[in-house]
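[1] predicted model follows, preceded by the sequence.
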Amino acid sequence: QADFVAEQPDVFLPIAGGWGRMGMTHIRLAAASKDVLTGALEAAWRLRVQTNAKTKNQKRSKTAK
């Protein structure tokens with residue numbers, strides 16, 4: 001999130017009270033190109049997949065004990 005905001009502050013904005021929680025970032029769609037929007041959505045998706053996999057593995061290791 002911080003990288004997106006730092007690189008393109010005219011497109012990406014932190015959400016007051018939500019920055020860092022649940023991955024909240026405001027995107028000015030009118031200012032975003034298709035490539036930028038696609039890249040941001042893919043990055044968010046990859047992070048979610050990684051988080052879900054980590055959580056699933058942690059739950060498995062707890063039940064295996």
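    Done, it's in. Computed from a predicted model, the values in this text were never measured in an experiment. Numbers count the residues shown, from 1 in each chain.
[2] CA only for contacts and neighbour counts going forward, please
    Fine.
[3] count of neighbours near residue 32?
    Counted with other C-alpha atoms under 10 Å, the neighbours of residue 32 add up to 15.
[4] excluding its backbone neighbours, what's nearest it?
    Excluding the flanking residues, the one nearest residue 32 by C-alpha to C-alpha, 6 or more residues apart in numbering is residue 11, at 5.8 Å.
[5] so where's this protein shaky on pLDDT?
    18-23, 64-65 (pLDDT under 70).
[6] nearest residue to the middle of it?
    residue 44 (3.6 Å; C-alpha atoms, centre = their mean).
[7] secondary structure element for residue 16?
    Here residue 16, judged by DSSP states H and E, is contained in no helix and no strand.
[8] do residue 56 as well
    Assigned by DSSP H and E, residue 56 falls in helix 34-64.
[9] on that earlier part again, distance of the residue nearest to residue 32 relative to residue 2?
    Distance of residue 11 to residue 2, given as C-alpha to C-alpha, to the nearest Å: 12 Å.
[10] those two: which has the busier surroundings?
    Applying other C-alpha under 10 Å to residue 11 and residue 2 shows that residue 11 carries more neighbours, namely 18 against 14.
[11] from memory the more buried one sits against residue 25, does it?
    No. Using C-alpha atoms under 8 Å, residue 11 is not in contact with residue 25, being 10.1 Å away.
[12] against residue 42, how distant is residue 31?
    18 Å.
[13] related to what we said a few turns ago, so what's the residue nearest to residue 32 up against?
    Contacts here follow C-alpha atoms under 8 Å, 6 or more residues apart in numbering; on that basis residue 11 touches 5, 27, 28, 29, 31, 32.
[14] for it, what are phi and psi?
    The phi/psi pair for residue 11 (degrees, to the nearest 10) reads phi -110, psi -40.
[15] residue 25 too?
    phi -140, psi 130.
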